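Novice: Here is my input, please return the structure:
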Amino acid sequence: MSRLAKIQAVSGLCFAVFLVLHLATTVSAAGGPASYDGTLASLRAIYRAHPVVEFLLVGVSAAVHIACAILQILRRRKSPPSPKPALRLRIHRWSGYFLMIVIVGHVYATRVMPAMAGGAADFSYLAFSVLAWPHFINPYYYALGLAGAIHFGLGLGFAAEALAPLSWRRTSIAVATGAAVLVAVGVTGIISQAAKAERSRFGEFKALYDRYMPFMPEGRK
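Specialist: Just a heads-up that it's a prediction; the model follows:
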């Protein structure tokens, strides 16, 4: 196993610590707005306890993981043609490609924008987007959640295999499947209960999108 693959594995495992908390927050939405906001507050206290912790655990590990992935892609393109990889690896790569495409926008919309406004994203923030742009946001949330869960579950197996000569195929598939089901339930909770969200900050959210993401179409009133 190459050194690059091992670095990618270690960075992925580091980011997985945050991803577990992030996916757990999504799953908690099945219990409604109060459940989501309560879980979010509790778990944020872990990874936002100190700016350096969030920077290293989330920012640096994600940046290193993505950089390694891009280098791996470039290496494969320069290498001689090889047999089609196993379906598990292809699904892992496809979910990773999707996440690489959307991660900058996701971080900007859910972390940077609220911070610039002096606030933080909560259930009502997600509900606003669901109610404003349902035909775009609903499938996007499902795609984002499922891609994250699948890449996480399968990635644990590939990371373990890169660092130790053991097969984690069945375990990683089981983890990915279970995580995907739970996240789908959580996203369904966000969408189905969006109308129950507190709307007192909706005007603030609209102004935020109008200022920092003006390319978004006019949402529902």
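Novice: Can you give me the end-to-end span of stretch 55-64?
Specialist: With CA to CA, to the nearest Å as the measure, stretch 55-64 spans 12 Å from end to end.
Novice: can you list the residues that contact it?
Specialist: Stretch 55-64 is contacted by residues 7-8, 11-12, 14-15, 17-18, 47, 103 when judged by CB atoms under 8 Å, 6 or more residues apart in numbering. Every C-beta, even on glycine, is put in place using the N, C-alpha and C of the backbone.
Novice: Any of the residues you listed buried? List them.
Specialist: The neighbour count (16 or more other CB atoms under 10 Å) marks 7-8, 11-12, 14-15, 18 as buried among the contacts of stretch 55-64.
Novice: and the lowest-mean-pLDDT helix or strand in the chain, how far from the chain's centre?
Specialist: Ranked by mean pLDDT, DSSP states H and E, the weakest helix or strand in the chain is helix 51-54, scoring a mean of 80. When distances are taken as CA atoms, centre = their mean, to the nearest Å, helix 51-54 is centred 18 Å away from the chain's centroid.
Novice: Could you pull out the buried residues of that helix?
Specialist: Neighbour-count burial for helix 51-54, counted by 16+ other CB under 10 Å, picks out Glu54.
Novice: which of the residues in the following helix or strand past it are buried?
Specialist: Once helix 51-54 ends, the next helix or strand along the chain (criterion: DSSP states H and E) is helix 61-78. Neighbour-count burial for helix 61-78, counted by 16+ other CB under 10 Å, picks out 61-62, 64-66, 68-69, 72.
Novice: Many thanks, I have nothing further to ask.
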